[in-house]
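>>> structure for the following, please:
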Amino acid sequence: MRTFRTARTARPARLLAATGVALAALALTACANGTGTRDEGAAAGSSTTTGTTTTTGGGGTSGSTGGGSTTDQSSSKTSGGGTGGGTGTGTGTGTGGDANKTSPNGGTKDTSDPWDPANRVTCKGSNTTVTTQSVSRPINHLLITVKNTGSKYCDLYYNPTVRFGEAQSAPRVIEESQPQAVVTLAPGESGYAGVLLSAADGSGGKGTTEQKVVVHFQNRQGDDTGSPASPALPAKGVYVDNSVAVTYWQSTAADALQY
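A predicted model of the protein is given here:
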């Protein structure tokens, strides 16, 4: 009788042990397939959203635990020892500005490079045409126009050296008329200088009427250079007194006549 009771008591224990082993196996299976435990008590129609994690590198696959870098797509951040690379190509085209620049005085465009010293010369009587013109405003003023008739760009340095009649000295220069840069003329373009002939209030003393003028050009050093020009004056001549003065070369007639 004692032996019989012992056998009946041990049988339920073995069943409980087997049940525990089965439950443990189910738990391990749930963890191994990546789903984890599930809350069966959640209300119908509700859902929970979590970020997606993808593991790459080390031979691992999505959801694996192999070594490599981990990218959290919900936050776009990368951690671990993974590497990545990218390549891109692009093409572009552009056109440079025209190297053949001219000043805005209506000349014929030259095909040579104006900034090459070989294509630039000093303006002088042999490569220009010089004319004079009396103007009504401002009064007692003469406009000198020089046109580049050569095949290269020419530079008008400083101011014209002007001598009326038999004068041995040149008029004073109006210093405030000095431009910011040397006036450069492309072939066919013109530059200008203004001459104050006499004082409107008579303060220039006794003057004379002149029928002749000679215009000299200057080089970079400020010395008279090349052949001078002898433009014709108005038929009645011009009245010149001691207040006579000349401007620097200008790129427009308006600039030349404002002094």
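>>> tell me the domain boundaries of the protein?
1-31, 117-256 (automatic domain parsing).
>>> ok, now which ones touch residue 253?
143, 145, 192 (Cβ atoms under 8 Å, 6 or more residues apart in numbering). Every residue, glycine included, has its C-beta placed from N, CA and C.
>>> hang on, the earlier thing: out of the domains of the chain, deepest packed?
domain 117-256 (a mean of 17; mean count of other Cβ atoms under 10 Å).
>>> quick one, what contacts residue 130?
Shown in contact with residue 130 (Cβ under 8 Å, 6+ apart): 144, 145, 146, 147, 215, 229, 231.
>>> mind checking which of the residues you listed are in strands?
Counting by DSSP state E, the part of the contacts of residue 130 found in strands is 144, 145, 146, 147, 215, 229.
>>> check what pLDDT the fifth one gets.
Residue 215 is assigned a pLDDT of 97 by the prediction.
>>> how about the fourth one?
Confidence per residue is given as pLDDT, and for residue 147 that number is 98.
>>> one more: the last one?
You'll see residue 229 listed with a pLDDT of 96.
>>> which residues does the closest residue to residue 249 other than its chain neighbours contact?
For residue 249, ignoring the flanking residues on the chain, the nearest one in space by Cβ to Cβ, 6 or more residues apart in numbering is residue 156 at 3.9 Å. By Cβ under 8 Å, 6+ apart, the residues touching residue 156 are 123, 146, 182, 183, 184, 185, 191, 217, 249.
>>> what do you get if the cut-off is 10 Å, keeping everything else the same?
With contact set as Cβ atoms under 10 Å, 6 or more residues apart in numbering, residue 156 has these partners: 122-124, 128, 146, 148, 179, 182-185, 191-193, 217-218, 248-251.
>>> so which of these sit within strands?
122, 128, 146, 148, 183, 184, 185, 191, 192, 193, 217, 218.
>>> tell me the one of those nearest residue 162?
Distance to residue 162, by Cβ to Cβ, is smallest for residue 193 among the ones in strands among the contacts of residue 156, at 8.1 Å.
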